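what's the 3D shape of this:
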Amino acid sequence: MFQFGQLWLIYELTESPLFLGYVGLAQAIPAIVLNLVGGVVADRFNRRILILSTQILNAALIAILATLTLLDQVEVWHVLTIAFCSGAVNAFDQPARQAIYPTLITPSVMTSAVALNSAIWQGVRIVAPALAGFIISAAGTSTVFYLGSTGFVMMAVVMIRLNVPPSKERPSTSPFKDLAQGLKFIKDNFIFTFLIGMTFFNSFFGMSYMTMMPVFAVDILKVGAEGQGQLLSLSGLGALLITLFLGSRSNLGHEGLRVIGGAVLFGITVATFAVTSQFVGSFPLALTLMFIVGVCSSIYMIAIMTSLQLMVPDNMRGRVMGFYSMTWSILPLGGMQAGAIANAIGAHWALVIGGTAVVLFALGPALLNHQVRNLTSLVNQFKTK
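Numbering: from 1, shown residues only. All right, here's what the predicted structure looks like:
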């Protein structure tokens, strides 16, 4: 809801798709710079306390933006500054989140665990955009922000009560050496390079459709804030349904096929949504394609996360997942490039280019590298440990 309201507010203040990208850039810069540091911190300190702290900070930041909006004092620089600060906080939050939940389960149920973890997010994606659009129309953007802030407070309460198994003793090394070791591990193991690279292309190019959604909703399909919420909700519904399906099948396997096939279908569907929205203008068709986008996205992103969590060593988990989280942090920066392209040649071309980039990166390594082609076999070796 915070993300929805933030993008809606900046577009309302500026009426420029370029400023949607600027919000993304403000979030991405600190996240890109600090995520690797966040991974080191997650490997060295108490992850529960770390997550608790980030929730409180995020709640405070969103409450400030809510109050400025309520008092009609909000300006563009306020939105950009809070986006920047939130990006910095999340750089420490995400690696700790990704590293903490595998300690609560056994490897044999990792696929189900990853899917169910994703289902939380996907379920919220269904409810929150539609609810946020309705609340903005009925009660104003500040109400959405106050509710978002409350959500972070609730997560902090959960972390206070969470019982986390004690972590293994970590070697006393310098943070800089820890960081260098993590980067070397990823560099020396191409399969990790590919999986994290796949996530980068998804974030930077593929998921830019979310940043561009106000343009499609307002200027192209002309369905307003509620229509924007419905489009994102259908994407979330598709993602949730396939996530629940995958979560009920812990030994589904075929990770390699799901990563490559899902990414190719995702990229093609994003491009199709952009072209048909621009030249056909059918809202029902757009809703259908958004549903398919959500399905395809979850198919390959759950396979990537499962593979990473199973194969990464425990002593490297925070650092590797910090690098992984950095690729997600690049998502707002992807919004910047999409906003720039949209400003120059049209929003539909921005999504066509993004979808095509995802397809090409998925197919290239699969054709050229045997480890990528044998990903399923590699993952199966760890499921039985």
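
OK, contacts around residue 326?
31-32, 35-36, 91 (C-beta atoms under 8 Å, 6 or more residues apart in numbering). Every residue, glycine included, has its C-beta placed from N, CA and C.

and it, how far is that from residue 228?
Distance of residue 326 to residue 228, computed by C-beta to C-beta, to the nearest Å: 28 Å.

Repeat that for residue 188.
Applying C-beta to C-beta, the value for residue 188 to residue 228 is 44 Å.

Between the two, tell me which one has more neighbours.
With neighbours defined as other C-beta atoms under 10 Å, residue 188 and residue 228 compare such that residue 228 has more, 26 against 9.

how many neighbours does the closest residue to that one other than its chain neighbours have?
Excluding the flanking residues, the one nearest residue 228 by C-beta to C-beta, 6 or more residues apart in numbering is residue 217, at 3.5 Å. Applying other C-beta under 10 Å, we find 26 residues neighbouring residue 217.

centroid residue for the protein?
residue 328 (5.1 Å; C-alpha atoms, centre = their mean).

Where does pLDDT dip in the stretch 251-385 of the chain?
Within the stretch 251-385 of the chain, the stretches with pLDDT under 70 are 251-253, 329, 332, 376-378, 380-385.

I meant the stretch 51-200 of the chain, not that one.
The model of the stretch 51-200 of the chain has pLDDT under 70 over residues 122, 125-126, 166-173.

which stretches of it form strands?
Counting by DSSP state E, counting those that start in this stretch, one finds no strands in the stretch 51-200 of the chain.

The stretch 251-385 of the chain now?
Using DSSP E, counting those that start in this stretch, strands in the stretch 251-385 of the chain do not occur.

re earlier: sort out which one of the contacts of residue 326 lies nearest residue 50 for me.
Comparing the contacts of residue 326 against residue 50 with C-beta to C-beta places residue 91 closest, at 11.4 Å.

What's the local residue count around that closest one?
Using other C-beta under 10 Å: residue 91 sits among 26 other residues.

before we move on, what about residue 271?
22.

Please apply the same query to residue 161.
Residues near residue 161, counting by other C-beta under 10 Å, number 7.

how far away is it from residue 52?
10 Å.

Equivalent analysis for residue 369, please.
If you go by C-beta to C-beta, the gap between residue 369 and residue 52 works out to 41 Å.

The two - which one has more neighbours?
residue 52 (19 against 15).

and the closest residue to that one other than its chain neighbours, what does it touch?
Nearest non-adjacent residue to residue 52, counting by C-beta to C-beta, 6+ apart: residue 159, 4.2 Å away. Contacts for residue 159 (C-beta under 8 Å, 6+ apart) come out as 48, 51-52, 55.

Pick the one among those closest to residue 41.
residue 51 (11.3 Å).

pretty sure that closest one contacts residue 97?
Yes: if you go by C-beta atoms under 8 Å, residue 51 and residue 97 touch, sitting 6.2 Å apart.

Those two - which one has more neighbours?
residue 51 (23 against 18).

any idea how far that one is from residue 64?
As for residue 51, its distance to residue 64 is 21 Å (criterion: C-beta to C-beta).

what ranges do the helices span in the stretch 51-200 of the chain?
Secondary structure of the stretch 51-200 of the chain by DSSP state H, counting those that start in this stretch: the helices cover 76-100, 110-139, 141-161, 175-188, 190-201.

Give me the contact list for the fourth one.
With contacts defined as C-beta under 8 Å, 6+ apart, helix 175-188 is touched by 36-37, 39-40, 43-44, 192-193, 196, 316, 319-320, 322-323.

Quick one: distance of it to the chain centre.
Put simply, helix 175-188 sits 24 Å off its chain's centre (C-alpha atoms, centre = their mean, to the nearest Å).

Please apply the same query to the longest one.
For helix 110-139, the distance from its own C-alpha centre to the chain's C-alpha centre is 12 Å (C-alpha atoms, centre = their mean).

So for it, what gets flagged as buried?
Neighbour counts over helix 110-139 (16 or more other C-beta atoms under 10 Å) mark 110-119, 122-123, 125-126, 128-133, 135-136 as buried.

again with stretch 262-272
262-272.

farthest-separated two in the contacts of residue 159?
Maximum distance among these (C-beta to C-beta): 11.0 Å, for 48 and 55.

need the helices for the stretch 201-350 of the chain, in chain order.
So, for the stretch 201-350 of the chain - with DSSP H, counting those that start in this stretch - the helices run 208-215, 224-247, 255-279, 283-311, 317-329, 331-345, 347-368.

would you turn those helices into TSV with distance to residue 165?
Shown next, in TSV, are the helices of the stretch 201-350 of the chain (distance: least, C-beta to C-beta, whole Å):
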stretch	distance to residue 165
helix 208-215	35
helix 224-247	23
helix 255-279	27
helix 283-311	16
helix 317-329	14
helix 331-345	31
helix 347-368	36
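
between those helices, which gets nearest to residue 200?
Closest among these, once you apply C-beta to C-beta, is helix 317-329, at 4.1 Å.

count of residues packed around the nearest residue to residue 156 once chain neighbours are set aside?
Nearest residue to residue 156, sequence neighbours excluded (C-beta to C-beta, 6+ apart): residue 55, at 3.9 Å. By other C-beta under 10 Å, the residues close to residue 55 number 22.

coming back round to it: how about JSON lines for the helices of the stretch 51-200 of the chain, with distance to residue 288 added?
Output for the helices of the stretch 51-200 of the chain, formatted as JSON lines (distance: least, C-beta to C-beta, whole Å):
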{"stretch": "helix 76-100", "distance to residue 288": "32"}
{"stretch": "helix 110-139", "distance to residue 288": "16"}
{"stretch": "helix 141-161", "distance to residue 288": "27"}
{"stretch": "helix 175-188", "distance to residue 288": "38"}
{"stretch": "helix 190-201", "distance to residue 288": "24"}
